[in-house]
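**Q** Predicted model, plus sequence, below.
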Amino acid sequence: MTGFLFALVIGCLAFWFARGVWLIGRVSSGPKVQNQSATALVMIDLQTVFWRDGPYSPDQKAGAETAILQAVERAKSHGIPVIALRQEWSIPATKVIARLAMKGAAVAGTEGTEIAPPFAGKADHTLVKRVQDGFETGALDPLLKKLGVGHLHLMGLDTAYCVAKTALAARARGYRVTIDRRTILAADQKTADKALKQLEDNGVTLI
């Protein structure tokens, strides 16, 4: 009996952990875009913990920072809303995974989850995301509907993960999505290139 209970506990923990991994990379579905033609700029995970401590070179950050800030200024000059998405791992299973595999970066309540200094104060709206897909919480859909947005310009990090999954979730809802390669960062370029190819295949415009 003891062995059975031990095996049961291990099995439950393995399932719980596997579900956390699935949640992190899952692409959500949601309401389809209807009669929404405005544009919004979406900054993804440009937070202190990733910007300061992430695996991005000074040259990468310098180039992306310039391009992102220029895009933000252009957007504001044309009355285009700027939305910031901040990562906070808050689901119990994903918090454990983040502590084990990501050194605890961006776990809810930890240091560094705020928007990084170069981009602080630039967003008109800021939302918290719990996984890679920025639509997963359900908060982004009504905001975009309220703003009449049907076209998203995505920027930020990481290209292969949070940027890609948010883009795929947007396309699943019928949004037009544009990504300027100068405004995204990738820890691994080969992985990022594969993700960008998948995005192109799903109708994302890369410039």
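**A** Received, thanks.
**Q** Can you name the residues that contact the spatially most central residue of the chain?
**A** The residue lying closest to the centre of the chain (Cα atoms, centre = their mean) is Cys162, at 3.3 Å. Neighbour list for Cys162: Ile44, Asp45, Leu85, Gln87, Lys129, Gln132, Asp133, Gly134, Gly156 [criterion: Cβ atoms under 8 Å, 6 or more residues apart in numbering]. C-beta here means a position set from N, CA and C on the backbone, and glycine is covered the same way.
**Q** Quick one: residues contacting the closest residue to the fourth one other than its chain neighbours.
**A** What sits nearest to Gln87 in space, not counting adjacent residues and going by Cβ to Cβ, 6 or more residues apart in numbering, is Ala106, at 4.5 Å. Taking Cβ under 8 Å, 6+ apart as the criterion, Ala106 is in contact with Asp45, Gln47, Val49, Phe50, Gln87, Glu88, Trp89, Ala98, Gly112, Thr113.
**Q** Now the last one. Its backbone dihedrals?
**A** Read that as Thr113. Note on Thr113: backbone dihedrals following degrees, to the nearest 10 are phi -80, psi -10.
**Q** Please tell me I have it right and it contacts Leu46.
**A** No - the pair formed by Thr113 and Leu46 falls short of the contact definition of Cβ atoms under 8 Å, at 11.4 Å.
**Q** Looking at these two now, which is surrounded by more residues?
**A** Between Thr113 and Leu46, counted using other Cβ atoms under 10 Å, the more crowded position is Leu46 (26 against 20).
**Q** hang on, that one packs against Val163?
**A** No - contact criterion Cβ under 8 Å: Leu46 and Val163 do not qualify, at 10.9 Å.
**Q** Which neighbours do these two have in common?
**A** The contact lists of Leu46 and Val163 share Gly156, Leu157, where a contact means Cβ under 8 Å, 6+ apart.
**Q** The lowest-mean-pLDDT helix or strand in the chain: what's the following helix or strand?
**A** None of the helices or strands of the chain scores lower by mean pLDDT, DSSP states H and E than helix 2-25, at a mean of 63. Of the helices and strands lying after helix 2-25 in sequence (DSSP states H and E), the nearest is strand 38-44.
**Q** What is the helix or strand just after that following strand packed up against?
**A** Once the chain leaves strand 38-44, the next helix or strand it forms, by DSSP H and E, is helix 48-51. In terms of contacts (3 or more Cβ pairs under 8 Å, 6 or more residues apart in numbering; DSSP states H and E), helix 48-51 is not packed against any helix or strand.
**Q** Give the buried residues for helix 48-51.
**A** If you call a residue buried by 16 or more other Cβ atoms under 10 Å, then helix 48-51 has these buried ones: Thr48, Val49, Phe50, Trp51.
**Q** Quick check: the nearest residue to Trp51 once chain neighbours are set aside vs Lys190, distance?
**A** Leaving aside its chain neighbours, Trp51 sits nearest to Ala116 (3.7 Å; criterion: Cβ to Cβ, 6+ apart). For Ala116, the distance to Lys190 (Cβ to Cβ, to the nearest Å) stands at 26 Å.
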